[in-house]
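Undergrad: need coordinates for the below:
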Amino acid sequence: MTSVRSLILGSAAGLLAMGGAQAADLPVKAKAIEYVKVCSLYGAGFWYIPGTDTCIKLGGYLRVDTTFNAGGTQNLPAWSGDPGQGNRYHDYFSTRSRLALTVDTRTATEYGVVRTFGQGDFTFDTLGGATFNPNSINSSLPVAGSNLLYSAGGGYVAFEFGFIQFAGFTFGRSASAFATPWHGYPGNNTSFLLGGHDTVTGVNNIQYTAQLGNGVSATIGLDDPTVYNRTSVYNLGPSGLAPGGISGIGLSGNAYAGVHAPDVVGNLRVDQAWGLFQISGAAHEVSGSYNILNSTAAPAGAVGLPGAAPTALSEISGHPKTKWGGAVMAALQVKNIPTGPGDDIKLDATYAIGNTKQVISTSGGSPSFAMFGGSGIGAYQSIGLGVTTDAVYLPAFAGGDGSLKLTKAWGVRGAFNHNWDPYWSSSLWGSYSSVRYDGTVGDLTTAKGMYCAAFSAIHPGLGVTYTCDPSFNAAQLGTITRWTPVKNLTFSAELAWFHLDQKSSGTSVFGPGAPKPTAVYEFKDQNTVSLNLRVQRNF
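TA: Numbers count the residues shown, from 1 in each chain. So this is what the prediction gives:
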């Protein structure tokens, strides 16, 4: 009996112990998990940052380019350097891989939406861009700007947009108020369509936009002109003795002074269902540094002063008086045209005085042109030159009047964009640009006269074997076809033609720079054609 009772009590104790253990193993009520919520206030892709009332969107693209017979990636025409010369250093093709990441945040406030936006690009290009010249890629030479970023495991990170928007104001790196929504891309892949303004990668600025109702808005802004809104100022008598300082391909050192004032820019825009119309304006300060400057730049690979660098005589030599230039632009987009759904036409036209970057514009700096080709009159080769400046001047003790002569320019560009079906589309695009240096040869108080006097110092035969005129025109025409087999994945092929219409004629004996020899060259118009293939995935 005692044994039975002990068994029953032991079993009961075991059951209680088991029950206690199981009770201890029961889960404790966890804190509520805060799941990410979709934010529908600002369109697809936004979600709330957990614990805040701020919405965020992450995006970007991955792009791969291969360009043939060009001056670099993104369909840069072979209009200067080794590609313009077509010498043995020129790469027949160049490549680029780029990953762009964007961050867009928005918060509703009693003052309206507070927005921040930023974009960073991770890029790897062909070493040297489109040349294997040691002056561009050899680290053993003391060459400024050696392009060594694209060695194995290299590449670079670029910062494009980065701005804050609040109560109509924009602060930071954003598109200029002068720009159209399409910048330099009315229908093209190439980042080098001339004829108008392009700040597609952003410029440091402060601007205010007022919404006037019915799709009408007005914007005024202050742009930092240093990087995107300046070309060059040429001192055409930097030695202080006589006109000179011009290289074999017509270039001189940049004699711009420091920035004293921002560019004042603005636009009035009508953006409605039928399309867009915009008028833009810009005021731009043009200022020269000093009258006496270094007159001969150190050659590539050598140690020495660059062209237009100051000397011990610079400050006491005086300087030209500052002038203001500017530009105006009219732009038009027409939507819903009869050729098909989604088709449109984009056009813009620009006129500039002393603000040439508003016309000879790319997504980077403004180019000058030096293109070579064949000659049918017995010269070694032909050459086409085009010099891009905001102004030129010739100091009084070098024979001029010492004042800035502002360069004039105008341009038109546009595209017709057509959708064949939901998967295939094409664009036909083009531009025409003109740069003018006023005056006559022999008159050293005019832009043309002083430039040609400096040019003739190392290009013998002015008025005998050749006529001089630094003015030029540039024409571009291209077509692109895109295939989008699935949403946000596009394959494209773009064929582009560039024509340089330079105004000098005849021949001269000179050296355009290594590897070209000193020989007889004919001044002649030039052409080049390039092909760009691209695949891009947006996300």
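
Undergrad: how about the helices of the chain, start to end?
TA: Counting by DSSP state H, the chain has helices at residues 2-25, 81-85, 134-137, 225-228, 447-455.

Undergrad: strands of the stretch 401-539 of the chain, residue ranges please.
TA: Along the stretch 401-539 of the chain, counting by DSSP state E, counting those that start in this stretch, strands occupy 405-406, 408-419, 424-436, 466-467, 472-486, 489-502, 505-510, 519-523, 526-538.

Undergrad: circling back: for the helices of the chain, which has the smallest mean pLDDT value?
TA: Lowest mean pLDDT within these: helix 2-25, at a mean of 42.

Undergrad: quick one: least confident helix or strand in this protein?
TA: helix 2-25 (a mean of 42; mean pLDDT, DSSP states H and E).

Undergrad: returning to that earlier point: out of the strands of the stretch 401-539 of the chain, which one sits most buried?
TA: strand 405-406 (a mean of 26; mean count of other C-beta atoms under 10 Å). The way it works is simple: take the backbone N, C-alpha and C, and place the C-beta from them, glycine included.

Undergrad: pairing partners for it, with directions?
TA: Next to strand 405-406 in the sheet, as set by DSSP bridges, lie strand 391-393 (antiparallel).

Undergrad: would you map the strands across the stretch 251-400 of the chain?
TA: Secondary structure of the stretch 251-400 of the chain (DSSP E, counting those that start in this stretch): strands at 263-272, 275-286, 323-335, 344-353, 369-373, 381-386, 391-393.

Undergrad: any low-confidence regions in this protein?
TA: Scanning the chain for pLDDT under 70 picks out the ranges 1-34, 139-148, 300-303.

Undergrad: tell me, what residue is most central in it?
TA: S363 (1.2 Å; C-alpha atoms, centre = their mean).

Undergrad: S431 pairs with what?
TA: Residues in beta-bridge contact with S431 (DSSP bridges): R413, Q476.

Undergrad: show me what contacts it?
TA: By C-beta atoms under 8 Å, 6 or more residues apart in numbering, S431 lies in contact with 193-196, 411-414, 474-476.

Undergrad: try I480
TA: Contacts of I480 by C-beta under 8 Å, 6+ apart are 187-189, 426-427, 429, 492-495.

Undergrad: go again using 10 Å as the cut-off
TA: Each residue near I480 by C-beta atoms under 10 Å, 6 or more residues apart in numbering is listed here: 75, 187-190, 415, 417, 425-429, 492-496, 532, 534.

Undergrad: over to A152?
TA: By C-beta under 10 Å, 6+ apart, A152 lies in contact with L127.

Undergrad: any idea how far Y451 is from it?
TA: A152 sits 44 Å away from Y451 when distances are taken as C-beta to C-beta, to the nearest Å.

Undergrad: returning to what we had before: same list (the strands of the stretch 401-539 of the chain) but as CSV, adding distance to T52.
TA: Formatted as CSV, the strands of the stretch 401-539 of the chain follow (distance: least, C-beta to C-beta, whole Å):
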stretch, distance to T52
strand 405-406, 52
strand 408-419, 40
strand 424-436, 40
strand 466-467, 69
strand 472-486, 34
strand 489-502, 33
strand 505-510, 66
strand 519-523, 65
strand 526-538, 27
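
Undergrad: quick one, which of those is nearest to G275?
TA: Closest of these to G275 is strand 408-419, at 12.3 Å (criterion: C-beta to C-beta).

Undergrad: the closest one vs strand 344-353, what angle?
TA: Put simply, strand 408-419 runs at 170 degrees to strand 344-353, going by axes from the mean of the first three to the mean of the last three C-alpha atoms, to 10 degrees.

Undergrad: which other helices and strands does strand 408-419 contact?
TA: Strand 408-419 is packed against strand 323-335, strand 344-353, strand 424-436, strand 472-486, with contacts defined by 3 or more C-beta pairs under 10 Å, 6 or more residues apart in numbering; DSSP states H and E.

Undergrad: can you lay out those strands as CSV showing distance to V227?
TA: Listed next are those as CSV, based on distance: least, C-beta to C-beta, whole Å:
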stretch, distance to V227
strand 323-335, 17
strand 344-353, 17
strand 424-436, 20
strand 472-486, 22
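
Undergrad: ok, which of these comes nearest K37?
TA: Comparing the helices and strands packed on strand 408-419 by their distance to K37 (C-beta to C-beta), the top pick is strand 472-486, with 28.2 Å.

Undergrad: roughly how far out does the closest one sit from the chain middle?
TA: Centre-to-centre, strand 472-486 and its host chain are 17 Å apart (C-alpha atoms, centre = their mean, to the nearest Å).

Undergrad: angle of it against strand 381-386?
TA: Between strand 472-486 and strand 381-386, the angle comes out at 90 degrees (the same axes, to 10 degrees).

Undergrad: so which of the strands of the stretch 401-539 of the chain is nearest G307?
TA: Among those, strand 505-510 comes nearest to G307, with 17.0 Å by C-beta to C-beta.

Undergrad: list the contacts of that closest one.
TA: Contacts of strand 505-510 (C-beta under 10 Å, 6+ apart): 247-249, 375, 377-380, 382-383, 455-456, 458-469, 516, 518-525.

Undergrad: filter the residues you listed to the buried ones?
TA: For the contacts of strand 505-510, a burial check counting by 16 or more other C-beta atoms under 10 Å picks out 247-249, 375, 379-380, 382-383, 455-456, 459, 461-462, 465-466, 468-469, 516, 520-525.

Undergrad: number of residues surrounding the residue lying closest to Q272 once chain neighbours are set aside?
TA: Distances taken as C-beta to C-beta, 6 or more residues apart in numbering put G215 closest to Q272, at 4.3 Å, once the chain neighbours are dropped. Per other C-beta atoms under 10 Å, the neighbour tally for G215 reads 13.

Undergrad: can you pull the contacts of G215?
TA: 269-274, 276.

Undergrad: adding neighbour count, write the residues you listed out as CSV.
TA: Formatted as CSV, the contacts of G215 follow (neighbours: other C-beta atoms under 10 Å):
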residue, neighbour count
R269, 20
V270, 15
D271, 15
Q272, 11
A273, 7
W274, 12
L276, 19
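
Undergrad: tell me which two of these sit farthest apart.
TA: The span of those, defined through C-beta to C-beta, is set by R269 and A273 at 14.5 Å.

Undergrad: check contacts around P460.
TA: By C-beta under 10 Å, 6+ apart, the neighbours of P460 are 466, 508-510.

Undergrad: circling back to that earlier point, from the strands of the stretch 251-400 of the chain, which stretch is densest packed?
TA: strand 391-393 (a mean of 27).

Undergrad: coming back round to it: so which of the contacts of P460 is the closest to V64?
TA: Closest to V64, out of all of these and judged by C-beta to C-beta, is F510, at 41.5 Å.

Undergrad: biggest strand in the chain by residues?
TA: If you go by DSSP state E, the chain has its longest strand at strand 93-109.

Undergrad: buried stuff in that one?
TA: When burial is assessed from 16+ other C-beta under 10 Å, strand 93-109 yields the following buried residues: 94, 96, 98-100, 102, 104-107.

Undergrad: any chance of those in a markdown table, plus distance to H260?
TA: Converted to a markdown table, those look like this (distance: C-beta to C-beta, whole Å):
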| residue | distance to H260 |
| --- | --- |
| S94 | 39 |
| R96 | 37 |
| R98 | 36 |
| L99 | 39 |
| A100 | 35 |
| T102 | 34 |
| D104 | 35 |
| T105 | 36 |
| R106 | 37 |
| T107 | 37 |
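
Undergrad: which stretch among the strands of the stretch 401-539 of the chain comes nearest D344?
TA: D344 lies closest, by C-beta to C-beta, to one member of the strands of the stretch 401-539 of the chain: strand 408-419, at 5.4 Å.
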